[in-house]
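Visitor: sequence first, then the predicted structure, then my questions.
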Amino acid sequence: MKKLVITMMAATLLISCDIDQTKKTKLPGIDIDVDASAGQLPSFDVDWAEVNVGTTTKTVKVPKVVIVMEEVEVEVPYIDVDMPDDDGTMEKEEQTLMVEAEVSGKEHGLEIKEIRAMNNNLIVISELEERTLSLGDKKLRVSDQITLNAPDLNVKHYIVGERPDRVFNTRYKYFKTIGDLNNKLGTDYKVIYSK
């Protein structure tokens with residue numbers, strides 16, 4: 001067993017290195033008179049793999065931090081809706097109407113300005129306004145919310161302002177001006193909340 005291990009180690013050593021013979025083998029000469037001349041064993045130079053350890057510069061993708069607003073207790077508007085055709089049997093449910101946007105470049109303010117209603121439809125109109133404080137290369141999420149106590153209604157959000165170039169902001173429809181939004185909605189909606 002030892003011979004097998006030694007043979008395998010020798011084979012591994014020979015396979016994993018580059019060997020150049022520097023002298024040829026010369027066997028000892030033998031004379032019948034038993035005079036022997038000196039022989040020569042082969043010699044070898046063994047070149048092992050060259051290993052360099054250091055550092056290199058590479059471009060890699062790393063996650064960027066998104067600044068998220070912290071939860072704090074604040075007073076938020078509360079709207080209680082009684083439908084005109086309700087005889088007291090419609091069940092109301094309290095829900096939060098929240099609007100969010102993710103901005104970069106400069107700080108922004110986002111505020112729910114108005115809620116309009118028609119039949120079972122609510123339109124929540126918010127305004128996104130750019131401010132002066134620079135965010136550098138950071139991103140910021142801004143939001144606003146209103147608590148609504150009403151029967152189950154269809155809710156749509158529209159934001160007046162420039163849509164920030166972030167994937168997160170595709171959840172809502174943006175309009176450049178309130179006039180553009182009014183042209184889309186028409187005059188059939190009744191304003192039930194205004195700030």
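Guide: Perfect, thanks for sending it. Numbering: from 1, shown residues only.

Visitor: low-confidence ranges, the chain, go.
Guide: 1-21, 27-39, 41, 43-69, 74, 83-89 (pLDDT under 70).

Visitor: any idea how it splits into domains?
Guide: Here the domain assignment for the chain is 2-47, 66-194, based on automatic domain parsing.

Visitor: got a markdown table for those domains, with mean neighbour count too?
Guide: C-beta here means a position set from N, CA and C on the backbone, and glycine is covered the same way. Compiled in a markdown table, the domains of the chain are given as follows (neighbours: other Cβ atoms under 10 Å):
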| stretch | mean neighbour count |
| --- | --- |
| domain 2-47 | 9 |
| domain 66-194 | 14 |
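
Visitor: just say helix, strand or coil for residue 164.
Guide: coil (DSSP: H, G, I helix; E, B strand; the rest coil).

Visitor: which helix or which strand is home to residue 130?
Guide: Taking DSSP states H and E as the criterion, residue 130 maps to strand 121-150.

Visitor: which strands or helices does the helix or strand just after that strand pack on?
Guide: Under the assignment DSSP H and E, the closest C-terminal helix or strand after strand 121-150 is strand 154-160. With contacts defined as 3 or more Cβ pairs under 8 Å, 6 or more residues apart in numbering; DSSP states H and E, strand 154-160 has these neighbours: strand 93-118, strand 121-150, strand 173-175, helix 178-185.
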